[in-house]
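In: sharing a model prediction with you, sequence too.
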Amino acid sequence: MPVSIHPKTQEAIDLFLNGADCLSRASQFGFKIDLDKLSESKLECKKVLDSIESEIREIDIYKDWESEYGNKLSYEANDQILFLLKKRGYTWDKVTKKGKDAVDKEVLTKIDIPFTQKLLRWRKFNKLLNTYFRGIEAETINGYVHTNFLLHSTVSGRSSSTDPNFQNMPIRDKEQGKYIRSLIVPRGGCHIVELDYKALEVYIATCYHRDPTMIKYNTDPTTDMHRDASMDLFKVPIEEMSDKIRYFGKNKFVFPVFYGSIPENCAKALWESVDGCALKNGTPLRLHLNQNGLADYDSFLAHVKSVYNKFWNERFAVYTKWKEKWYWKYRDNGYFDSYTGFRYSGEMKRNAVLNYPIQGSAFHCQLWSFCEITKRLDKLGMKSRLIGQIHDSIIANVPECELEAYIKLAKEIMTKELMAHWKWIIVPLEVEADVSPVNCSWFEKKKYKI
DNA sequence: TGTTCATGG
DNA sequence: TATCCATGAACA
């Protein structure tokens, strides 16, 4: 049976009807594009791409292709890239889902020769040009883009966005982020304001499993689950924990494990993160591990397994019990119901059964807030307008004179009013604000003290 | 059309 | 059964 999601309560029906209405109003309002910047940046990007191409043509590995086949190498034909690298004797382990050798960013980064370096840079600018610039340009009408926000296209009950996708504009890579987000600007005399829920999915998960340890992490600001997990993983005492070590603990262990990863897979990624990390006192992490009985991969793997067992069986034992109960209830019934009133049915993998209700409900919190903010802005006769949302954040165009009022209102709705509406939310939700200076782009947003 | 890659949460 | 969700571009 195919996987499906249906609203089971009147409240859930209303949420999606109001949601569809408010999201389409945001689409209709649209976001403004800096047209001069668009054509200028596009040209600049093309120039960069041209110069990378001429540099690649000078590299001997590239010449292998032309001398062998007499035609032009296609930088996006992975078979061709693979052929050239293999011919030069490079080997690696990573494979694609279908078992072929992968030639993705991770693999090319590790090979680290001029050819792969240039190729990576080419891919980056090609992505900018052919996905982002092209997508925005194709959908710009009189200087505005009216993205679609869909409520019917995901299995988890989240939204999606198309033409162009507003939900995957570059930000992690600053250079790419600058090219694209600089194009998205507020209307005259306005700010772009983005309000983000802090760790929303983690908090919503807590509402389902109600693990007391996690409740403590979510409510006591002196605690930090990523720090604690990282201390265990690398045997680092609290006073020597660095941001970088915590970063790897968080992103290579805690999050993967919440999504259902296993210690064997985490250990590999963690082990590769060690070089380049140091304790606060300057000791290289590799040296620190050597001195603490974790000098080789086998002992590190055994250690990660024991941290994993402690993580699920001791620290989050109640969470673990919830996972078992939730999954077996699904096995018995063939469906499960979210706290937001949606029924998920059909054949689902274990990890999906455990993740969909959390991912879906987290989004529903944002959607409820999105609708409520839209309604209240109307009612109060304010000029601020919502222009989009990205799973756990809400983006608005806000006149300078309404900045404080908008943030106060939206924050109140997203935290207090939402929690009054849904009593099952048992940990205090928090939001963070980013604001662009008046008339400045989305790229220039800065943390804003609420 | 399915696969792989890249972007975001 | 083993890391969840999405869109979009290009190749084969």
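Out: Thanks, I have it. Everything quoted here is computed from the prediction, not taken from an experiment.

In: mind pulling up the phi and psi values for the closest residue to residue A:115 other than its chain neighbours?
Out: Once flanking residues are discounted, residue A:115 sits nearest to residue A:61: 4.5 Å by Cβ to Cβ, 6 or more residues apart in numbering. Placement of C-beta: from N, CA and C, glycine included. The phi/psi pair for residue A:61 (degrees, to the nearest 10) reads phi -60, psi -40.

In: residue A:61: what's it in contact with?
Out: By Cβ atoms under 8 Å, 6 or more residues apart in numbering, the contact set of residue A:61 is A:84, A:85, A:88, A:113, A:115.

In: so which of these sit within helices?
Out: A:84, A:85, A:115 (DSSP state H).

In: ok so, going back, among the contacts of residue A:61, name the buried ones.
Out: In the contacts of residue A:61, burial by neighbour count holds for A:84, A:85, A:115, counting by 16 or more other Cβ atoms under 10 Å.

In: what does chain A put close to DNA strand B?
Out: Those residues of chain A that sit near DNA strand B, judged by Cβ under 7 Å from any atom of the strand, are A:78, A:96-100, A:102-106, A:108, A:120, A:123-124, A:127, A:167-173, A:176-177, A:359, A:390-393.

In: on that earlier part again, a markdown table for the ones in helices among the contacts of residue A:61, including pLDDT?
Out: A markdown table is the format used below for these (pLDDT from 0 to 100):
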| residue | pLDDT |
| --- | --- |
| A:84 | 93 |
| A:85 | 95 |
| A:115 | 96 |
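
In: buried sites along stretch A:51-61?
Out: A:52, A:55, A:56, A:59, A:61.

In: one more: stretch A:203-216?
Out: Applying 16+ other Cβ under 10 Å to stretch A:203-216 flags A:203, A:204, A:205, A:206, A:207, A:208, A:209, A:211, A:213, A:214, A:215 as buried.

In: could you list the low-pLDDT ranges of chain A?
Out: Low-confidence segments of chain A, defined by pLDDT under 70, are absent.

In: close to DNA strand C: what parts of it are there?
Out: Neighbours of DNA strand C within chain A, by Cβ under 7 Å from any atom of the strand: A:74, A:76-77, A:79-80, A:130-131, A:134-135, A:150, A:153-156, A:158, A:160-165, A:167-168, A:252, A:255-256, A:259-262, A:265-266, A:269, A:349-352, A:355-356, A:359.

In: just the buried ones out of these, please.
Out: For the residues of chain A next to DNA strand C, a burial check counting by 16+ other Cβ under 10 Å picks out A:80, A:135, A:155-156, A:158, A:161, A:164, A:167, A:252, A:256, A:261, A:266, A:352, A:355-356, A:359.

In: mind picking the two most distant members of these?
Out: The most widely separated members of these are A:80 and A:356, with 38.9 Å between them, by Cβ to Cβ.

In: what ranges does chain A have for its strands?
Out: A:4-7, A:31-33, A:140-141, A:144-145, A:148-150, A:160-162, A:184-185, A:190-197, A:335-337, A:342-345, A:385-389, A:393-399, A:431-435, A:446-448 (DSSP state E).

In: what about dumping the CA coordinates of the first one to CSV?
Out: Included here for strand A:4-7 are C-alpha records, laid out as CSV according to Å, rounded to 0.1, in the frame of the first residue of the first chain:
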residue,chain,number,x,y,z
SER,A,4,-0.4,8.5,2.5
ILE,A,5,-1.3,11.2,5.0
HIS,A,6,-4.8,12.4,5.7
PRO,A,7,-6.2,15.0,8.1
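
In: strands paired with it, and their directions?
Out: strand A:342-345 (antiparallel) (DSSP bridges).

In: the fourth one now?
Out: In its sheet, strand A:144-145 lies beside strand A:31-33 (antiparallel), strand A:140-141 (antiparallel), with partners assigned from DSSP bridges.

In: which residues does it contact?
Out: Looking at what lies outside strand A:144-145 - Cβ under 8 Å, 6+ apart - the contacts are A:30, A:31, A:32, A:33, A:136, A:139, A:164.

In: same check, this time on the second one
Out: The contact list for strand A:31-33 (Cβ under 8 Å, 6+ apart) reads A:136, A:140, A:143-145, A:147, A:183-187, A:387-388, A:397.

In: buried subset of these?
Out: Buried, going by 16+ other Cβ under 10 Å: A:136, A:140, A:145, A:147, A:183, A:184, A:185, A:186, A:187, A:387, A:388, A:397, out of the contacts of strand A:31-33.

In: pick the one among these closest to residue A:370.
Out: residue A:388 (9.6 Å).

In: can you pull the contacts of the closest one?
Out: Taking Cβ under 8 Å, 6+ apart, we find residue A:388 in contact with A:26, A:31, A:147, A:149, A:161, A:166, A:394, A:395.

In: ok, the closest residue in space to the third one that isn't next to it in sequence - how many residues close by?
Out: This means residue A:147. Spatial nearest neighbour of residue A:147, excluding adjacent residues (Cβ to Cβ, 6+ apart): residue A:166 at 4.3 Å. For residue A:166, the number of neighbouring residues by other Cβ atoms under 10 Å comes to 23.

In: now residue A:282
Out: Around residue A:282 there are 8 residues (other Cβ under 10 Å).

In: dihedrals phi and psi, it?
Out: phi 100, psi -10.

In: residue A:430 too?
Out: Dihedral pair for residue A:430: phi -130, psi 150, per degrees, to the nearest 10.

In: do residue A:143 as well
Out: phi 90, psi 0.

In: thinking it is in contact with residue A:35, fair?
Out: Yes - in this structure, residue A:143 is within contact of residue A:35 by Cβ atoms under 8 Å, at 5.7 Å.

In: which helix of chain A spans the most residues?
Out: helix A:350-379.

In: what about the buried residues of stretch A:51-61, which are in helices?
Out: Counting by DSSP H, the buried residues of stretch A:51-61 place A:52, A:55, A:56, A:61 in helices.
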